[in-house]
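Q: here are the coordinates; sequence isn't available:
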């Protein structure tokens with residue numbers, strides 16, 4: 001056994017004499033390549049693992065045809081140590097985490113804006129940390145949605161020695177409520193700090209030479225949230241404002257952050273386990289902000305940084321059945337469409353059989369929402385004992401409307417004593433004569 005390619009080098013006389021014979025035998029298949037497995041260059045990791053675990057037979061070959069896909073990894077953006085960076089957002093939570101991140105990226109001068117200023121409960125820890133790191137900072141107790149107050153802040157912050165070069169808008173207020181109960185006051189309360197605040201910062205900095213204009217949006221702007229329509233609207237505004245600034249040639253990036261595990265709203269309200277069941281597992285602030293470093297110089301205008309389990313998230317609401325999500329969503333038995341087969345069966349079967357069919361369908365639907373198996377959902381057990389809360393009840397209501405065209409009010413779902421009882425209420429709605 002030998003390598004024909006080596007003959008001209010090591011045995012030129014044999015190669016010259018036997019070349020016609022070698023050529024003939026290669027063409028007729030007598031001489032065949034040794035056993036090998038070809039991996040494209042994009043799968044070089046798989047090739048190395050095959051070698052490591054001795055899963056290969058013969059040679060392992062890395063092919064550059066077609067050319068491998070080369071990912072561009074931009075150099076993470078560094079902050080100007082002589083510039084000032086303004087951060088809004090209560091001096092706590094994810095805004096404070098972002099301020100710390102700015103200093104790790106090279107910022108030495110920060111202007112920290114919050115409604116309560118230094119009186120924010122978590123502020124002392126942040127300020128002590130910044131002092132220890134040698135960071136120069138100024139504190140400003142101001143309402144970011146107040147144009148006059150923020151103009152005064154910016155005029156104070158901007159100096160010849162340390163010009164304002166960056167803005168990070170992390171202010172947010174939460175007031176979760178179903179859309180039917182949303183009042184003008186509750187809408188304004190959430191929109192003012194996030195949306196109006198962003199508009200104020202945009203207006204006051206358009207003539208300034210900024211290199212960073214970062215808006216903290218939320219993954220809810222992408223997937224929605226049944227009880228946070230006010231908060232979702234504020235985040236969607238941030239993304240629209242970002243695109244408008246970019247069209248005007250101004251710097252801007254809106255990041256739809258996923259849940260943060262160790263600081264902010266989720267951590268304060270111990271929501272990590274609940275969000276994990278929904279398919280939105282919270283991530284540490286440091287991990288999310290590490291990704292931000294490479295995102296800033298990428299040229300993106302709007303981006304989402306979150307870990308999403310699409311097999312679970314798909315059940316949060318009907319918006320996720322939109323075509324734009326189809327590349328992300330795994331296959332589903334109902335695929336978000338009306339169950340016409342079940343509706344035809346319900347129309348032609350006796351009531352008791354129809355109730356049994358509906359109970360089975362409701363059990364499977366609720367199992368998807370609760371992320372459990374159908375055998376753990378007895379049809380005669382009270383819904384509250386099955387783990388159904390108001391948010392999941394809203395998901396169930398949405399699923400019934402989508403799958404069965406059954407417009408069952410939330411009150412009837414909450415008042416249902418069991419899945420069997422809920423099935424009876426659905427059947428009554430589906431079979432009652434039109435008015």
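A: Happy to help now that I have it. Remember, it's a predicted structure, so these values are computed and weren't measured experimentally.

Q: give the contact list for residue 383.
A: With contact set as C-beta atoms under 8 Å, 6 or more residues apart in numbering, residue 383 has these partners: 393, 413, 416-419, 422. Glycine gets a C-beta too; all of them are placed from N, C-alpha and C.

Q: kindly recompute the last result at 7 Å.
A: Counting by C-beta atoms under 7 Å, 6 or more residues apart in numbering, residue 383 touches 416, 418.

Q: separation between it and residue 369?
A: To residue 369, residue 383 is 11 Å away according to C-beta to C-beta, to the nearest Å.

Q: ok, residue 214 next?
A: Note on residue 214: its distance to residue 369, by C-beta to C-beta, is 35 Å.

Q: got any ranges where the chain has weak pLDDT?
A: For the chain, the stretches with pLDDT under 70 are 1-5, 35, 53-58, 72, 331-338, 371, 432-435.

Q: domain ranges for it?
A: 1-25, 33-70, 84-308, 340-431 (automatic domain parsing).

Q: among these, which comes closest to residue 325?
A: Nearest of the domains of the chain to residue 325, taken as C-beta to C-beta: domain 84-308 at 8.3 Å.

Q: endpoint to endpoint, that closest one covers what distance?
A: 35 Å (C-alpha to C-alpha, to the nearest Å).

Q: so what's the gap between that domain and the chain middle?
A: Its chain's average C-alpha position is 16 Å from that of domain 84-308, according to C-alpha atoms, centre = their mean, to the nearest Å.

Q: next, count neighbours for residue 139.
A: Other residues near residue 139 number 17, with proximity taken as other C-beta atoms under 10 Å.

Q: dump the residue contacts of residue 311.
A: Counted by C-beta under 7 Å, 6+ apart, residue 311 has contacts 279, 330.

Q: just the buried positions in the host helix or strand of it, please.
A: Following DSSP states H and E, one finds residue 311 within helix 310-313. Residues 312-313 are the ones in helix 310-313 that count as buried (16 or more other C-beta atoms under 10 Å).

Q: stretch 7-24 too?
A: 7, 15, 22.

Q: which non-adjacent residue is nearest the residue nearest the centre of the chain?
A: Centrality entry for the chain: nearest residue to the mean C-alpha point is residue 306, 3.3 Å, by C-alpha atoms, centre = their mean. The shortest distance from residue 306 to any residue other than its chain neighbours is 2.4 Å, reached at residue 258 (C-beta to C-beta, 6 or more residues apart in numbering).

Q: can you tell me how far the one you found sits from residue 9?
A: Distance from residue 258 to residue 9, by C-beta to C-beta: 59 Å.

Q: cool, and residue 111?
A: 71 Å.

Q: next: residue 108.
A: 62 Å.

Q: again with residue 140
A: In terms of C-beta to C-beta, residue 140 sits 76 Å off from residue 9.

Q: same check, this time on residue 243
A: 62 Å.

Q: mind listing what the closest residue to residue 163 other than its chain neighbours touches?
A: Leaving out its chain neighbours, the residue that sits closest to residue 163 by C-beta to C-beta, 6+ apart is residue 83, at 6.0 Å. By C-beta under 7 Å, 6+ apart, the residues touching residue 83 are 109, 162-163, 165-166.

Q: restricted to helices, list the residues you listed.
A: In helices, judged by DSSP state H, none of those are found.

Q: so residue 420 is in which element?
A: helix 419-431.

Q: which strands and helices lie in contact with the helix or strand where residue 25 lies?
A: Taking DSSP H and E as the criterion, residue 25 maps to helix 12-27. Here helix 12-27 is seen to pack against helix 7-10 when contacts are counted using 3 or more C-beta pairs under 7 Å, 6 or more residues apart in numbering; DSSP states H and E.

Q: any idea how far the helix it packs on is from the chain center?
A: On C-alpha atoms, centre = their mean, the centre of helix 7-10 falls 59 Å from the chain's centre.

Q: next, residue 76: secondary structure please.
A: Classification of residue 76 using DSSP: H, G, I helix; E, B strand; the rest coil returns coil.

Q: for it, phi and psi?
A: For residue 76, the backbone dihedrals (degrees, to the nearest 10) come out as phi -50, psi 140.

Q: that one: neighbour count?
A: 14.

Q: how about residue 60?
A: Based on other C-beta under 10 Å, the number of other residues close to residue 60 is 17.

Q: and it, that one's in a helix?
A: No: per three-state DSSP, residue 60 lies outside any helix segment and is strand.

Q: ok, it touching residue 51?
A: Yes: the pair residue 60 / residue 51 is scored as a contact, 5.7 Å apart, by C-beta atoms under 7 Å.

Q: overlap of the contact sets of those two?
A: Contacts common to residue 60 and residue 51, judged by C-beta under 7 Å, 6+ apart, are absent.

Q: which residues of the stretch 1-150 of the chain fall in strands?
A: Per DSSP state E, counting those that start in this stretch, the stretch 1-150 of the chain has strands spanning 36-40, 59-63, 84-88, 109-114, 136-141. These are given in chain order.

Q: residues touching the last one, excluding its own?
A: This means strand 136-141. Residues contacting strand 136-141 (C-beta under 7 Å, 6+ apart): 108-118, 130, 153, 157.

Q: which among these end up buried?
A: 108-115, 130, 153, 157.

Q: what about the nearest residue to residue 410 once chain neighbours are set aside, how many residues nearby?
A: Using C-beta to C-beta, 6+ apart and skipping the chain neighbours, the partner closest in space to residue 410 is residue 397 (5.5 Å). Residue 397 has 19 neighbouring residues, counting by other C-beta under 10 Å.

Q: with residue 179 instead?
A: Residue 179: 11 neighbours (other C-beta under 10 Å).

Q: quick one, phi psi at the closest residue to it other than its chain neighbours?
A: Ranked by C-beta to C-beta, 6+ apart and with sequence neighbours excluded, the top spatial neighbour of residue 179 is residue 229, at 4.8 Å. Backbone dihedrals for residue 229, given as degrees, to the nearest 10, come out at phi -60, psi -30.

Q: so how far is residue 147 from residue 229?
A: Taking C-beta to C-beta, one finds residue 229 at 26 Å from residue 147.

Q: between the two, who's got more neighbours?
A: More neighbours surround residue 229 than the other of residue 229 and residue 147, with 18 against 15 (other C-beta under 10 Å).

Q: for that one, give its distance to residue 278.
A: 17 Å.

Q: looks to me like residue 226 is in a strand.
A: No: using three-state DSSP, the assignment for residue 226 is coil, not a strand.

Q: look up the closest residue to it, ignoring the ones flanking it.
A: Sequence neighbours aside, residue 394 is the residue nearest to residue 226 in space, at 4.7 Å (criterion: C-beta to C-beta, 6+ apart).
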